[in-house]
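Enquirer: mind folding the following:
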Amino acid sequence: MDNNFCLDLALMPKELKLILLIMNTESDENIRLKKNELFTDIDWEYFLHLVMHHRVYPLIYTKLKTIEGEVIPSYVIKTLSYEYKRNTIKMLQFSGEMVQISELFTEKKIRLLFLKGPVIAADIYGDISLRTSKDLDILIPSTDIERAEEILYNLGYEREEEPDYNDWKWRNHHVTYNHPQKNIQLEIHWRIHPRPKKVPSFNELWERKRVSMLTRCPVYFLGKEDLFLYLVAHGSKHGWFRLRWLADIDLLVRKSFSLEESNLLLKKYKQIHLGGQAKLFVGQALILASQLLNTPINKEMQAFTEKRRSKRVAQMAIFYIKEMAQIHIPISEEELAKYHKNFLLTIKSNLRKSFLINGYRFFSKSNLEKFLFIIRLFYPRTADIMALKLPKPFHFLYFPLRPFFWAWRKTRKT
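Expert: Numbers count the residues shown, from 1 in each chain. As a prediction, the model looks like this:
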């Protein structure tokens, strides 16, 4: 990578920098030697908030529990320990469900690939307890959707209903199901990415599949390069606002890609149809991983990181990573009073943040995606309907009201 290029981390809080240092797989000894210096003047409540938001508490806990002394408050370790154990139980539950789903689908001759979940945690981290997962994501051929849905209904799953005027309905690439008793969410995908992205066919991905022996029966998941590019595209789409996604990239590069495999990846990204944005996304991911987590980048991978656009979207992602963590921070009465007092200033700030966030999303899209993005800005969304429920004959009013709903939401205190 260009040695003269460095991400601007001036606005990144100390607590987030500490999390990144702890996540660095090569920093264990350095942390122990400099623990008194590193853990001074840390807002531990905010530290815990960031760790939970970025879904990296299993990694952070396994690192911090080995540090002796009183530099870390006991309640921090206890909180992380509790969340770590709870996640381990959840991942074991997911593993059991994964076996049942795989066996039933195979019995009905439905081919399936697991995109995320315990099988990915085992492959990347070597331990299912070290990665979190919100749901199970499964990819199947589009022709098998109805049969797959019947199996899930028989297991007690319920499909999430899509409200009217959902602007994603016409370009869905997955459908979500929930099991109310097991408290498990499952997504059935028939494309790895939404339209208009060009994606490899299911048959192509199936030919490159790998078999995991994590469970008692074979479970199939994406091939090495397919998984890497899938996780890169997913992280880039969301601005890497959860560091867990970047940790995946870090470990994949460290453990999975030798010099020879990197050469194959350089050629293969053209075959795995992410379009012209593939180099942009891979370059961004490698820049972020190398500069935030000290991921080693070899000469072949530097071809991705030297592009100007990759550097630009990498820097834009830093704002995303920082700002998205602020959304769910509880606000005190004092802060609320201050917010009302500076209402106009807050409106300006929120609009600026919205502009920067949407600017990132827009800049990282292909020309076709940019065109469709602009079209969708004027198409009603679920939030608009929830804000003002109109009788069906008046649904056409959602279109001219759309800009007002957007401006109203952006000026509110999240």
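Enquirer: which parts of the stretch 101-250 of the chain are strands?
Expert: 113-114, 136-139, 158-159, 174-179, 184-189, 210-212, 219-221 (DSSP state E, counting those that start in this stretch).
Enquirer: the longest helix anywhere in the chain packs against which elements?
Expert: When the chain is parsed with DSSP state H, its longest helix is helix 74-107. Judged by 3 or more CB pairs under 8 Å, 6 or more residues apart in numbering; DSSP states H and E, helix 74-107 is in contact with helix 44-53, helix 57-64, helix 118-125, strand 136-139, helix 145-154, strand 184-189, strand 219-221. C-beta coordinates here come from the backbone N, C-alpha and C atoms, glycine included.
Enquirer: contacting residues for residue 8?
Expert: Residue 8 makes contacts with 315, 318, as judged by CB atoms under 8 Å, 6 or more residues apart in numbering.
Enquirer: same deal with the one 5 residues further on?
Expert: When contacts are counted by CB under 8 Å, 6+ apart, residue 13 is found next to 46, 50, 322.
Enquirer: nearest to residue 127 among the residues you listed?
Expert: residue 50 (22.6 Å; CB to CB).
Enquirer: ok, the closest one - how many residues close by?
Expert: 24 (other CB atoms under 10 Å).
Enquirer: from residue 324, how far out is it?
Expert: As judged by CB to CB, to the nearest Å, residue 50 and residue 324 stand 11 Å apart.
Enquirer: for residue 8, same thing?
Expert: For residue 8, the distance to residue 324 - CB to CB - is 18 Å.
Enquirer: cool, and residue 235?
Expert: 13 Å.
Enquirer: and these two? which has more neighbours close in?
Expert: residue 235 (24 against 18).
Enquirer: contacting residues for the closest residue to that one other than its chain neighbours?
Expert: Of all residues not flanking residue 235 in the chain, residue 245 sits nearest, at 3.8 Å (CB to CB, 6 or more residues apart in numbering). Contacts for residue 245 (CB under 8 Å, 6+ apart) come out as 231, 234-235, 238.
Enquirer: in a markdown table: those, plus pLDDT and distance to residue 299.
Expert: As requested, the contacts of residue 245 are exported to a markdown table (pLDDT from 0 to 100; distance: CB to CB, whole Å):
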| residue | pLDDT | distance to residue 299 |
| --- | --- | --- |
| 231 | 93 | 23 |
| 234 | 90 | 27 |
| 235 | 92 | 23 |
| 238 | 87 | 29 |
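Enquirer: next, format the residues you listed as CSV and append distance to residue 291.
Expert: Putting those into CSV (distance: CB to CB, whole Å) gives the following:
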residue, distance to residue 291
231, 18
234, 20
235, 15
238, 19
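Enquirer: buried members of those residues into PyMOL, please.
Expert: A single PyMOL command selects the buried members of those (16 or more other CB atoms under 10 Å):
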select buried, resi 231+234+235
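Enquirer: just the contacts of residue 245: which are in helices?
Expert: 231, 234-235.
Enquirer: and which of these is nearest to residue 151?
Expert: residue 234 (25.7 Å).
Enquirer: residue 242 versus that closest one, what's the distance?
Expert: When residue 234 is compared with residue 242 (using CB to CB), they lie 10 Å apart.
Enquirer: what's the answer for residue 303, then?
Expert: Distance from residue 303 to residue 242, by CB to CB: 27 Å.
Enquirer: looking at the two, which one has more neighbours?
Expert: residue 242 (18 against 14).
Enquirer: pLDDT value on residue 413, please?
Expert: Looking at residue 413, its pLDDT reads 46.
Enquirer: ah, wrong one, I meant residue 91
Expert: 97.
Enquirer: now the one 4 residues further on
Expert: At residue 95 the predicted local confidence, pLDDT, stands at 95.
Enquirer: list the residues that contact the closest residue to it other than its chain neighbours.
Expert: Leaving aside its sequence neighbours, residue 95 sits nearest to residue 118 (CB to CB, 6+ apart; 4.5 Å). Counting by CB under 8 Å, 6+ apart, residue 118 touches 91-92, 94-95, 98, 128, 133, 214.
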